[in-house]
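Participant: sequence and predicted structure below; questions after.
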Amino acid sequence: MAPVVLKRKKFFLSLPETLAKIHDQIEVLGGKPVELLPVLQEAINTPWPYEKGDLSQWCRVLDILDAELAKEESPAELCVAILRFTRLLLENCSNRHVYNSYEHLKRLLEVEDCDVVMGVLRVLSVLATPRSTRQLVCETSFIVKLSSLSSVWTGNPDGGLCLLACCRENVDEVLDAGTRVNMQIYRTGDDASPEGAAAKGKEGLEVIRVERAHELQGSDAEVVDRLLKEHAVPKEFSFALCTRLRLARAFPDYTRRLQWVRVQIMATTVLAQCQAVYGAGMAAVAVNETQLSELIELLHPQQDGVIPLDVQTLALKALTALLTERSKQTSMLVAATAASHHGILAAMIRKAKALVGDTASKDLPDRLRFGEALLAFTWMFASSASGSTALNNAGILHLIVPFLQDANTRRGRFLTLAVKTLEVVMNYSQEMQQTFRDIEGVQTLVHRAYSEVQALAAKGASVTTDGKMEV
């Protein structure tokens, strides 16, 4: 990547002391990956209770991280740390157009390490949000790779294989389907590439089929290379075949299989975000109804204890991204409230209330992430009368109101999202407003607001004549 250069000089406020220390440490350790790794790992775990910054202030740091990603020999652990820190910067800074490491992200989607691929997808998810000023994530080169990663098992042509089946520990019944690779490629007679020359005389549709891929001898890279040459696979199909082979070989291993399930759901999320930005222009790669249905299945109350909580959280985020396209909201609403699904929406709300309320749990951060994802998911329904009614019947206010009295700082982000959700859902439904009054939500909200003002006053804050708070 070319170094980040600002077209005009900007003047910024100084970084907070903690962030300035991180900035300076990374600058000093540029080119020293062994020393850089622990600094990045510490920075990732550092709280960021500051106002949104400007990414331009981190240009030199971004250049250093870009140089490390450019090295193909960079260890996976360092790449993961760089990607996680990059995501932290992007989430907490404006002017995301300054970021310019897209070529490296594209290359890293092809690596074998699932943690690296997942890190790339999380960065792309931030960059693909509608408020980002640079939508390079929606370019064809990215879309092709994301489409391959998002459809590796879903819609398996042999049937019997879906995300839910892949999440179960025992896959004996679907092992043959999971370790089989089926791929269609289309050859043209005017292919002048080396692969085209090797397949001279072949033209039209061709099916590549590999049975029990996990039993093939050699490493993943060796098997992929051998099959690409054996079938003279055109370059434009090589990534898709490579991905399917890796997943088929990982399928018998529960841990590795779950990693690829996470990758598939996250890729679906990024694709849905791109689709929300470009709408009809993305019709060729639109996420289909089968994927929508499979994501809902992962959240079914009967799957609690079977599907890991972090996978369900990813499924909620994917559904939220899908529902930014209004045409899918009705089908999702029907599925989430249908009797055949035992009222998944109400079940999820009850589950979130139990998970978030247990502050003694060691995995509270994961529980909070599920609760936060559910709140964001409910926003998609709140802007319609039918959606508001469904949320009210499912008990969304019974989740939010009790936590308005919560002073536990560990749930600060969840509480902030709860208040925002309350504002959203109350705007469109008189029925919701009546329920809020019936469960004494008004008194609870007033009491909490009074407590916050009292706490600020105790710290020496005062209210100015224009209504602003000063400390």
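Facilitator: Arrived safely, thanks for sending.

Participant: could you use CA atoms for every contact and neighbour count after this?
Facilitator: Will do.

Participant: for the lengthiest helix in the chain, buried residues please.
Facilitator: What stands out as the longest helix in the chain, according to DSSP state H, is helix 254-278. Residues of helix 254-278 classed as buried by neighbour count (16 or more other C-alpha atoms under 10 Å): 257-277.

Participant: show me what that helix is packed up against.
Facilitator: Helix 254-278 sits against helix 114-127, helix 140-150, helix 163-167, helix 235-250, helix 309-322, with contacts defined as 3 or more C-alpha pairs under 8 Å, 6 or more residues apart in numbering; DSSP states H and E.

Participant: now render those helices as TSV, adding mean neighbour count.
Facilitator: Formatted as TSV, those follow (neighbours: other C-alpha atoms under 10 Å):
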stretch	mean neighbour count
helix 114-127	23
helix 140-150	19
helix 163-167	20
helix 235-250	20
helix 309-322	23
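
Participant: as a markdown table, these with distance to residue 64 and mean pLDDT would be great.
Facilitator: Putting the helices and strands packed on helix 254-278 into a markdown table (distance: least, C-alpha to C-alpha, whole Å; pLDDT from 0 to 100) gives the following:
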| stretch | distance to residue 64 | mean pLDDT |
| --- | --- | --- |
| helix 114-127 | 17 | 95 |
| helix 140-150 | 24 | 89 |
| helix 163-167 | 38 | 89 |
| helix 235-250 | 29 | 90 |
| helix 309-322 | 31 | 93 |
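
Participant: redo those as TSV? Include distance to residue 422.
Facilitator: As requested, the helices and strands packed on helix 254-278 are exported to TSV (distance: least, C-alpha to C-alpha, whole Å):
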stretch	distance to residue 422
helix 114-127	25
helix 140-150	33
helix 163-167	32
helix 235-250	42
helix 309-322	17
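
Participant: let me know which of the ones you listed is the nearest to residue 187.
Facilitator: Ranking these by proximity to residue 187 (C-alpha to C-alpha) places helix 235-250 first, at 10.3 Å.

Participant: now for the closest one, which elements pack on it?
Facilitator: When contacts are defined as 3+ C-alpha pairs under 8 Å, 6+ apart, helix 235-250 sits against helix 140-150, strand 181-187, helix 220-230, helix 254-278.

Participant: least reliable of the ones you listed by average pLDDT, please.
Facilitator: Ranked by mean pLDDT, those end with strand 181-187 in last place, scoring a mean of 85.

Participant: for it, buried residues please.
Facilitator: So for strand 181-187, counting by 16+ other C-alpha under 10 Å, buried means 181, 182, 185, 187.

Participant: only alpha carbons, please: show it as PDB.
Facilitator: Extracted in PDB, the C-alpha atoms of strand 181-187 (Å, rounded to 0.1, in the frame of the first residue of the first chain):
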ATOM      1  CA  VAL A 181     -16.600 -31.400  -2.800                       C
ATOM      2  CA  ASN A 182     -19.000 -30.600  -5.700                       C
ATOM      3  CA  MET A 183     -18.200 -27.600  -7.900                       C
ATOM      4  CA  GLN A 184     -19.300 -26.500 -11.400                       C
ATOM      5  CA  ILE A 185     -16.900 -24.600 -13.600                       C
ATOM      6  CA  TYR A 186     -17.600 -23.200 -17.000                       C
ATOM      7  CA  ARG A 187     -14.800 -23.200 -19.600                       C
END
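
Participant: contacts for that strand, please.
Facilitator: By C-alpha atoms under 8 Å, 6 or more residues apart in numbering, the surrounding residues in contact with strand 181-187 are 157, 202-211, 213, 233-234, 237, 241, 244-245, 248.

Participant: got the angle for it vs helix 235-250?
Facilitator: Angle, strand 181-187 to helix 235-250, by axes from the mean of the first three to the mean of the last three C-alpha atoms, to 10 degrees: 170 degrees.

Participant: not counting residues beside it along the chain, what's closest to residue 114?
Facilitator: residue 259 (6.4 Å; C-alpha to C-alpha, 6 or more residues apart in numbering).

Participant: ok, that neighbour to residue 117 distance?
Facilitator: Remark: distance between residue 259 and residue 117 (C-alpha to C-alpha, to the nearest Å) = 10 Å.

Participant: between the helices and strands packed on helix 235-250, which one is closest to residue 395.
Facilitator: It is, among the helices and strands packed on helix 235-250 and with distance given as C-alpha to C-alpha, helix 254-278, at 26.5 Å.

Participant: separate out the buried members of the contacts of strand 181-187.
Facilitator: Buried among those (16+ other C-alpha under 10 Å): 210, 213, 233, 234, 237, 241, 244, 245, 248.

Participant: residue 441 against residue 401, yeah?
Facilitator: Yes. If you go by C-alpha atoms under 8 Å, residue 441 and residue 401 touch, sitting 6.0 Å apart.
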